[in-house]
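*Asks:* quick one, structure for this:
(3 chains)
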Amino acid sequence: MPKLTIDGKTLEVAKGTTVLEAAQQLGVHVPRYCYHPKLSVSGNCRMCLVEVEKSPKLLTACSTEAAEGMVVHTATEKVKAARRDVLEYLLLNHPLDCPVCDQAGECGLQDYYMEHSRAKSRFPAEDKVRRQKRRPLGPHLVLDNERCILCTRCVRFCAEVTKTAELEVMERGDRSFIDLKEGRALDNGYSLNIADVCPVGAWTSRDFRFKQRVWFLKKTPTVCLGCATGCLTEVHHNEGAIYRVMPRPNAETNTWLCDAGRMVYKAVQAGDRLAKGVIKNGLIELEPALRETASRIDENHAAAAVLGSPWLSVEDNAALARLAKDALKTENFSFDFNAEQGIKDGILINKDPAPNAAGARRVKAACGGLSFGELAAKVASGAVKVLVTEARAAALLKNELKAGGARLIVFAANRSEIPQGAYATLPYANYFETPGTFVNFQGLERRTVPAVAAPEGVRPLWAMVNRLAVYSGTSLHLDSAEAALKGIL
Amino acid sequence: MPFTLTETFKTRAALVCARYPRKDAALIPLLQELQREKGYVAEEAMDALAVFLGLPYSRVKAVVTFYTMFNRVPAGKYHLQVCRNVSCHMAGAPGLLARLREKLGIAEGETTKDGLFTLSAVECLGACGTAPVMQVNDTYFEKLDAGKLDALLEDLRHGRLRAIGR
Amino acid sequence: MENILLKDKVESLEGYFAAGGYRPLKKALAMKPAEITEEVKRSGLRGRGGAGFPTGLKWSFIPKDAQGPRYLVCNADEGEPGTFKDRELMLKNPHALIEGMAIAGYAIGAGAGYIYIRGEFAAEADLLEREIFAARGKGFIGSNILGSGFSFELYVHRGAGAYICGEETALLESLEGFKGQPRLKPPFPAVKGLFGAPTVINNVETLAAVPAIIEKGGAWYASIGTPKSAGTKLFCVSGPVNKPGVYELPLGVSFKELLEKHCGGLKAGVRLKAVIPGGSSTPVLTAAEAMAAALDYESLAAAGSMLGSGAVIVIPEGQCMVKLLQVLARFYHHESCGQCTPCREGCGWIEKILNRLEEGRGTARDIETLYSAADGMLGRTICPLADAMAMPVMSFVKKFREEFEAHAAGRCCAPEAAGKH
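*Replies:* As a prediction, the model looks like this:
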């Protein structure tokens, strides 16, 4: 446990801690480009040079291990001069196209230039090395080699995280550039992390480019519902529209975020968002839809069934359980989802594509009900005349529904989710719009935080269930998400 | 046309790989071997070698583009590489280069239409005591002057590549 | 004084053997490895590649308790402009290197050695392969050398055209089949080198001196040269002298003696302007400084330059220094591996400023920018290539400033030379 002093403050750190990390523990930010906490140390950018007493040369904080008695200075004139110089070298061949650069506002060059340099260029524009600009590489990314500072974070990401090693620095010296095999797409399932790790505007997201200047974005911390891994994310949005989803690094699940997870928002923001009810393919206002649905359920009261959903929050599953037990007063319900779980690609993507099987099982633990197989058998046999569930969960009983002929009533956020043959579909607020509790494959409870508002009149699923019960003549007293959770978590 | 590694190459490659505890260390010697066979290293050859050694293509390409001795396009029968560094510069390398440009009608980096000569200006060849120096393919020609250069070109035009001694 | 390295009639194994070759190996194999290292320490032998690090000390950094393989690597990637001694040595006395490697391999406990030779030295590589084969035939290389139980394999590995591979960790990367980009240190190669194993990397000239040290003793070797710069050194002299070439002389010899006695003086009509004493990356000396200089590590450091690889580049009056620096800058720009920001960007910047000055497009401010562009690179990169660019720039500008100013004002300082380029 070496003890060292950084800018006059002494601290003790674990063996193997670097000077950069130790400084971070003290709240001292050492500027850096190539260093990334989750990638190997490269030491190439030279931005993190600091003064270490007894060392004749400045040392890179990212690669220097803290040692007993080490005295480090991160803000001496010598250090500041080095930073200024490194910035000057970095900007020599940089195109300085900030006005049309999508990285503007979150660019490492802009930030450190303002903080550490503000020097005028001494390099004639006509001497700049020209490189290839704006090249789409794969479904998600655009590469601008002219803006690249060759920090190799992207190269290391592909070598060390996805282990696909598509990228390399080709050629040498100031003729170097990042490239991959001609004709090959950069599509490794995690490619958008490259735009995140890129400290400048070399790699940008095709989806996000030019949609919004970053300084207008509001950030909401939430959870990814793309699979059972349940990564922590941050939704970036403005004026009711989501523009991108970024990872929120944490020790439990994720540093990164997969491309599919980042694109989940696209589906819920697609043009087919449901704001009204659908009865037999016809859109109708919400209240008449609820009334119609309630009466169809009432017709088959004795033969009604409810299936929870691993795509719904614990709150919404709990509301469905209340619907079955307290309104329909049926034993025909199931919250039993046992898909195999675990990381399937060694990185983040789960074998279980649904985000909340574990949360649904919590509802089962509290409320009982049938096993999934028992309910499926009843649906297939025709004993169930009407089934209430969520759209994607309904697909799990596709064959049984066909065999048994039960009338299907589903909750869906988007029209594209509605299963064929559904009798009634009711909209609900999705989890970019309403809070919900999800239990990931590790058993961690995580809550979504709404980033945007639901369409006019669309309420959380638990509230829709409450209304449905009222139309059936029962009060479930589901006045809040907390009320739905009572007795479950 | 798909590129296939020859049996001769594979036999030789097995021997080269055996010199190292990890076979990827043989990458550069094997690229040299491929260049020896074909005169240059084509994209398809890089691909085939990457598969042969179990390496990502990008690594092979990065190595090929990093080192100056790999030709990525076919070079002429005789690759004239004139040293242009300090000692050769002082000993008249710029004049030799100009003479070659003029006599061959090509600039540095170009190949004559008949495919006989490729001209390159290269950095220090490590023979400064016998400057100016030119390497033709693998052979050094030292203490050159205009007369020796002309004679050498004449020899090469007749297919004679022979060391003239230092 | 008799030459230790550059001898006649030792090109072949027979000749080398007849001259007493491989006796030192036999002697070494009867010693304990640690005793050999001690002997080399006692000799005062220092790295001849340019850095001058004490050789015995370097060997002793191999961790005593290291398990698994260890390697010995010979750096024959001779590429520092002005340097051509290793080529000469390998051509004239290849077995001194081969025997030196066998002894060094035994001293550090290495089971295998690699000679990393620059790719352009094709003939030299073939020659080494041939001579190693011959040495293996006599049992000097291979398994159970001379019945000692010690086994040492030796391989020749050709580079592929990259000056940076002369830097020892870039050399290791290259030898492992990667781009030659220097590694961060620590860990040093003695701890984690080739293929992750403890490794010693020595220059050709360094290793070739080992057999003589073992045969005649460290004290004998230390008695040659100066107290801190022991032994002989191969000086490679290029430029307008009557007899350019490689000269083996005791360290501490004066430049004046080297020039006048050994190289036959300057060519007729040539006047000395400047000397780069240790390869292109070492600071330039004016004629007066050079004529007063002794050629050893300490004396040249005191004169503001370095012994480097012993490459003495003689520059005549009439040679434009701006042009010469441009030639050097073009070289370093071409050879920078591109890893570290200051070197990658700075080398090109410097060359472009010099191009402007050379082409008459420069201004007085360019001279300041040139100097500070070099200053900003100094000591701030992973390897010394940036320094190797910066040092000549700064010394050229300091010592020949009026030539740069003349260029900035639109006239070349040395019209007669200007005509030539």
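*Asks:* neighbours around residue C:10, how many?
*Replies:* Using other Cβ atoms under 10 Å in any protein chain shown, residue C:10 has 21 other residues around it. C-beta coordinates here come from the backbone N, C-alpha and C atoms, glycine included.
*Asks:* so what's the residue count around the nearest residue to it once chain neighbours are set aside?
*Replies:* Here the nearest residue to residue C:10 in space, its sequence neighbours aside, is residue C:16; by Cβ to Cβ, 6 or more residues apart in numbering or on different chains that works out to 4.4 Å. Here the number of neighbours of residue C:16 (other Cβ under 10 Å) works out to 24.
*Asks:* can you give me the strands in the stretch 101-250 of chain A?
*Replies:* All strands of the stretch 101-250 of chain A, identified by DSSP state E, counting those that start in this stretch, fall at A:135-137, A:141-143, A:168-170, A:177-179, A:203-205, A:218-223, A:232-238, A:241-247.
*Asks:* hmm, the fifth one in reach of chain B?
*Replies:* No: Strand A:203-205 lies apart from chain B when judged by Cβ under 8 Å from any Cβ of the partner chain; the minimum separation is 15.9 Å.
*Asks:* so where's chain C shaky on pLDDT?
*Replies:* Filtered on pLDDT under 70, chain C yields the residue ranges C:413-421.
*Asks:* residues in contact with residue A:440?
*Replies:* A:228, A:229, A:230, A:253, A:355, A:358, A:446 (Cβ atoms under 8 Å, 6 or more residues apart in numbering or on different chains).
*Asks:* where's the closest residue to the fourth one other than its chain neighbours relative to residue A:163, distance?
*Replies:* To tie it back to what came earlier, the one meant is residue A:253. Nearest residue to residue A:253, sequence neighbours excluded (Cβ to Cβ, 6+ apart): residue A:231, at 5.3 Å. Going from residue A:231 to residue A:163 by Cβ to Cβ, to the nearest Å gives 19 Å.
*Asks:* who has more neighbours out of those two?
*Replies:* Per other Cβ under 10 Å, whichever of residue A:231 and residue A:163 has more neighbours is residue A:231, with 29 against 11.
*Asks:* so where do the strands sit in chain B?
*Replies:* Remark: strands assigned in chain B by DSSP state E are B:78-83, B:117-122, B:134-136, B:139-141.
*Asks:* tell me which of the ones you listed lies nearest to residue A:136.
*Replies:* Nearest of the strands of chain B to residue A:136, taken as Cβ to Cβ: strand B:117-122 at 35.1 Å.
*Asks:* and the contacts of that closest one?
*Replies:* The contact list for strand B:117-122 (Cβ under 8 Å, 6+ apart) reads B:68, B:75-84, B:97, B:100-101, B:104, B:106-112, B:135, B:156.
*Asks:* about what we covered before: shouldn't the residue nearest to residue A:253 be in contact with residue A:348?
*Replies:* Yes: between residue A:231 and residue A:348 there is a contact under Cβ atoms under 8 Å: 6.3 Å.
*Asks:* pull up the overlap in contacts between the two.
*Replies:* Common contacts of residue A:231 and residue A:348 (Cβ under 8 Å, 6+ apart): A:253, A:254, A:257, A:258, A:261.
*Asks:* which ones are touching residue A:250?
*Replies:* The contact partners of residue A:250, by Cβ under 8 Å, 6+ apart, come to residue A:232.
*Asks:* how about it, phi and psi?
*Replies:* Per-residue torsions, residue A:250: phi -150, psi 160 (degrees, to the nearest 10).
*Asks:* this completes my enquiry, with thanks.
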